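J.: fold the following, please.
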Amino acid sequence: MASTGAWISLHLVIDSQESTAALVNVSGRQRMLSQRTAMLAMALLRDPIKAQADMARAVSLMESSHLGLTEGNAQLNLPATLSDTVRGLYFGPQGRLDREVRRYLGLARDWLAVPEAERHPDHPTLLLLVAMARGDFLTQLDAMVGQYQREGEAAIARLRSVETTIWLLTLLLLALEAALIFRPMVGQVRRAVDKLEQERADLMTHQRHLEADAAAHHRSLADQSRQLDDNQAQLATQLTELARREHALDCLEQGILIAAPDRRVQFVNKGFERLTGYRRDEIMGRSCRLLQGGDTDPVMQAALRDAVSAGLPFRGAILNYRKNGQPFWNQLAIDPIRGANGDMLGYVGIQFDITDQKLREQTYWKDANHDALTGLPNRQLFRDRWQQALALIQRHERWGGLLFVDLNHFKALNDAHGHEFGDGLLRQVAQRMLALVREADTVARLGGDEFAVLLSDLGADQKQALAQLSTIQAKLSDRLAQPYELTVADPAHPTLRWSRSSAAMGGVVFSGQDTELDQLLHRADQIMYRIKRAERPHAPSPPP
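T.: Down below sits the predicted model:
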């Protein structure tokens, strides 16, 4: 019976001590793992490849340790039951350590799941994780380690009381036990006590190591916190500088835009808003193609598109439209933005409003190429139209036509009624001729009362071309011979009905072999004079 009591006492002491040591070791490891997790979370910013795997292992180990402490783990000698005090620290209203541990593990997993490109020192998940590691969460872990130590010491004290009782009972029964049985029991008990003392010393040493590690972690977190503060200060300085540069860009009159490689707008300045009428929030993420319209030159559009697609600079003037539909001429300069390794990062564009300049150029061109009185093309523009028509006729093997028109009795009108009525007649003649020809044809005033009509396409057969030329010539002759109602600006002059006017015409057809406009005009002029002489025998002879 004495041997049985001693064995039971020893077994209780050893089992209790192993369970107590496991609880203290694992709970202390939880504290160390929480600090290591926070330190590795910061290390993800510097060395993501190595720190990612280390942090994942630390999180997994911390989670398995927490489950063992709260639900038991036979392999780690962790009991499945908790004392009321420990349960209160884990799940009670004052402790809630279980919820804090799960929250801490959740933040750690969330931080591991953040893409590397989106990680930065100011990320909310990282800030919460570090804040927990430096706050009450650490205090709660320390409290749990202390509670496990106190409960272990209390259990040892209770076992010692039980052991003392059993020993006293054993002493009373020693008289009945053989001396050879008592001595081995005493030795075994001594060894158990020595083992308990050794375990206690190991626990104290382990506790000192944990405290030293915690102090080192505290210093590391403090250093990292200072680094975070420095980074935040640098970011604030950079943001201030960026705001200053953006303000400078907004002060420019020119429109400035930055687009991504897919040509979607990422930035525009105030000058762009003033130029186009689009607010920044309306244009962001969209393509600048919305500025183009129905009258935008397709050739210029293609040149712009090809340059951007090839990553090349572009310079050119293009007709764009403001948000309200108003057209404007945009002198556009686009340049690619490339990284240090040559990768395409996007495009930067600068816009100038050159509408006034374009209008002046158009006015100058019109004045230089059109008759001031009738608005018809003059000799210079007529020659350009001739070159275009000749190129089409040569390319498609067609026939064209040319009419030389001279007004009859024009001098008589000027002599009898004055040049103002003569000018009015010329304007009406121009309008009637324009109304009878096709849009692709050209009516020009060559000078005085002489006009020319260029018929760009009369068919692929010469006979067909001559027939069409005769038809058009007959219609023009009939229309120009109709009476005219002529008025002048002076109200003192009544409206003049002029019915003496008519037109003499000479027409020729030409093919791609006829490349000299002056020769064609001379031939048509000769034919016109012959017709006029036939109709009026006393008409002057044609010039040589």
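
J.: whichever strand or helix holds residue 394: how far from the chain's middle?
T.: According to DSSP states H and E, residue 394 maps onto helix 379-396. Distance of helix 379-396 from its chain centroid, counting by C-alpha atoms, centre = their mean, to the nearest Å, is 47 Å.

J.: please name every helix or strand in contact with it.
T.: Judged by 3 or more C-beta pairs under 8 Å, 6 or more residues apart in numbering; DSSP states H and E, the packing partners of helix 379-396 are helix 355-369, strand 400-408, strand 442-447, strand 450-455. Backbone N, C-alpha and C define where each C-beta goes, glycine included.

J.: export the ones you listed to CSV and tack on distance to residue 292, mean neighbour count and mean pLDDT?
T.: Converted to CSV, the helices and strands packed on helix 379-396 look like this (distance: least, C-beta to C-beta, whole Å; neighbours: other C-beta atoms under 10 Å; pLDDT from 0 to 100):
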stretch, distance to residue 292, mean neighbour count, mean pLDDT
helix 355-369, 16, 12, 80
strand 400-408, 35, 23, 94
strand 442-447, 30, 21, 94
strand 450-455, 33, 23, 95
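
J.: may I see those arranged in TSV, with distance to residue 70 as well?
T.: TSV is the format used below for the helices and strands packed on helix 379-396 (distance: least, C-beta to C-beta, whole Å):
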stretch	distance to residue 70
helix 355-369	76
strand 400-408	99
strand 442-447	96
strand 450-455	99
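
J.: list just the one of the ones you listed that sits closest to residue 209.
T.: Of all those, it is helix 355-369 that lies closest to residue 209, at 79.8 Å by C-beta to C-beta.

J.: how many neighbours does residue 90 have?
T.: When neighbours are counted by other C-beta atoms under 10 Å, residue 90 registers 20.

J.: so who does it touch?
T.: The neighbours of residue 90, taking C-beta atoms under 8 Å, 6 or more residues apart in numbering as the test, are 70, 82, 96, 97, 98, 144.

J.: hang on, residue 199 packs against residue 21?
T.: Yes: applying C-beta atoms under 8 Å as the test, residue 199 and residue 21 come out as touching, 5.8 Å apart.

J.: right, and the helices and strands packed on helix 379-396 - which one's nearest residue 224?
T.: helix 355-369 (58.2 Å).

J.: not counting sequence-adjacent ones, nearest residue to residue 495?
T.: residue 487 (5.0 Å; C-beta to C-beta, 6 or more residues apart in numbering).

J.: pLDDT below threshold where in the stretch 151-300 of the chain?
T.: For the stretch 151-300 of the chain, applying pLDDT under 70 flags the ranges 170, 174-175, 177-182, 235-250.

J.: show me the helices in it, by range?
T.: Remark: helices assigned in the stretch 151-300 of the chain by DSSP state H, counting those that start in this stretch are 179-250, 270-276, 280-283, 298-309.

J.: roughly how far does residue 489 sit from residue 423?
T.: 11 Å (C-beta to C-beta, to the nearest Å).

J.: ah, wrong one, I meant residue 302
T.: 44 Å.

J.: quick one: strands adjacent to the helix or strand in which residue 507 is found?
T.: Residue 507 is part of strand 502-510, with elements assigned from DSSP H and E. Sheet pairing here is set by DSSP bridges, and for strand 502-510 it gives strand 400-408 (antiparallel).

J.: assign residue 40 to helix, strand or coil.
T.: Under the three-state scheme (DSSP: H, G, I helix; E, B strand; the rest coil), residue 40 adopts helix.

J.: now do the strand or helix carrying residue 415, average pLDDT.
T.: Following DSSP H and E, one finds residue 415 within helix 410-417. The average pLDDT within helix 410-417 is 89.

J.: now the next helix or strand after it: buried residues?
T.: Downstream of helix 410-417, the next assigned helix or strand under DSSP H and E is helix 419-436. The neighbour-count check on helix 419-436 (16 or more other C-beta atoms under 10 Å) flags 421, 422, 424, 425, 426, 427, 428, 429, 430, 432, 433, 434 as buried.

J.: ok, so of these, who is nearest residue 468?
T.: Residue 468 lies nearest to residue 433 out of these, by C-beta to C-beta, at 16.3 Å.

J.: contacts only, for the closest residue to the closest one other than its chain neighbours.
T.: Excluding the flanking residues, the one nearest residue 433 by C-beta to C-beta, 6+ apart is residue 443, at 4.7 Å. Contact analysis of residue 443 by C-beta under 8 Å, 6+ apart lists 376, 377, 430, 433, 434, 437, 451, 452, 453.

J.: any idea how far apart the tips of stretch 369-388 sit?
T.: Start-to-end span of stretch 369-388 (C-alpha to C-alpha, to the nearest Å) is 15 Å.

J.: now what about it, what contacts it?
T.: Taking C-beta under 8 Å, 6+ apart as the rule, stretch 369-388 contacts 368, 423, 426-427, 429-430, 434, 442-447, 451-452, 454, 517.

J.: repeat that for 10 Å
T.: The contact list for stretch 369-388, computed with C-beta atoms under 10 Å, 6 or more residues apart in numbering, reads 365-368, 400, 402, 422-424, 426-431, 433-434, 440-447, 451-454, 456, 510, 515-518, 520-521.

J.: try stretch 521-537
T.: For stretch 521-537, contacts defined as C-beta under 10 Å, 6+ apart pick out 379, 382, 386, 401-406, 408, 446, 450, 452-453, 473, 477, 502-508, 510, 514, 516, 539-544.

J.: is residue 274 in contact with residue 253, as I believe?
T.: Yes: using C-beta atoms under 10 Å, residue 274 is in contact with residue 253, at 7.8 Å.

J.: okay, and the common contacts of the two?
T.: residue 353.

J.: what angle do the longest strand seen in the chain and helix 355-369 make?
T.: In the chain, assigned by DSSP state E, the strand with the most residues is strand 327-338. Inter-element angle recorded for strand 327-338 and helix 355-369: 120 degrees (by axes from the mean of the first three to the mean of the last three C-alpha atoms, to 10 degrees).

J.: in its sheet, what does the helix or strand that strand 327-338 is followed by sit against?
T.: Following strand 327-338 in sequence order, the next helix or strand is strand 344-353 (DSSP H and E). Paired strands of strand 344-353, with direction, are strand 255-259 (antiparallel), strand 327-338 (antiparallel) (DSSP bridges).

J.: now the longest one: buried residues?
T.: To tie it back to what came earlier, the one meant is strand 327-338. 328, 329, 330, 331, 332, 334, 336.

J.: and which of the residues you listed is nearest to residue 223?
T.: If you rank the buried residues of strand 327-338 by distance to residue 223 using C-beta to C-beta, residue 336 comes first, at 42.9 Å.

J.: returning to that earlier point: show me what counts as buried in the strand holding residue 507.
T.: For strand 502-510, a neighbour-count test (16+ other C-beta under 10 Å) marks 503, 504, 505, 506, 507, 508, 509, 510 as buried.

J.: ok, back up a step: give me the common contacts of residue 199 and residue 21.
T.: By the contact definition C-beta under 10 Å, 6+ apart, residue 199 and residue 21 are jointly contacted by residue 152.

J.: residues contacting residue 67?
T.: Residue 67 neighbours (C-beta under 10 Å, 6+ apart): 73, 78, 101.

J.: residue contacts, residue 223?
T.: Taking C-beta under 10 Å, 6+ apart, one finds residue 42 in contact with residue 223.

J.: in CSV, list the C-alpha atoms belonging to stretch 114-134.
T.: Coordinates of each C-alpha in stretch 114-134 appear next as CSV, following Å, rounded to 0.1, in the frame of the first residue of the first chain:
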residue,chain,number,x,y,z
VAL,A,114,-2.1,41.8,-50.4
PRO,A,115,-0.4,41.9,-53.9
GLU,A,116,3.2,42.9,-53.7
ALA,A,117,2.6,46.0,-55.9
GLU,A,118,0.0,47.3,-53.5
ARG,A,119,2.1,46.9,-50.3
HIS,A,120,3.4,50.1,-48.7
PRO,A,121,4.2,51.3,-45.2
ASP,A,122,0.9,53.2,-44.8
HIS,A,123,-1.3,50.2,-45.8
PRO,A,124,-4.2,50.0,-43.2
THR,A,125,-3.8,46.3,-42.7
LEU,A,126,-0.1,46.6,-41.8
LEU,A,127,-0.7,49.6,-39.5
LEU,A,128,-3.4,47.6,-37.6
LEU,A,129,-1.2,44.6,-37.3
VAL,A,130,1.8,46.6,-35.9
ALA,A,131,-0.5,48.5,-33.6
MET,A,132,-1.9,45.2,-32.1
ALA,A,133,1.6,43.8,-31.7
ARG,A,134,2.6,46.9,-29.8
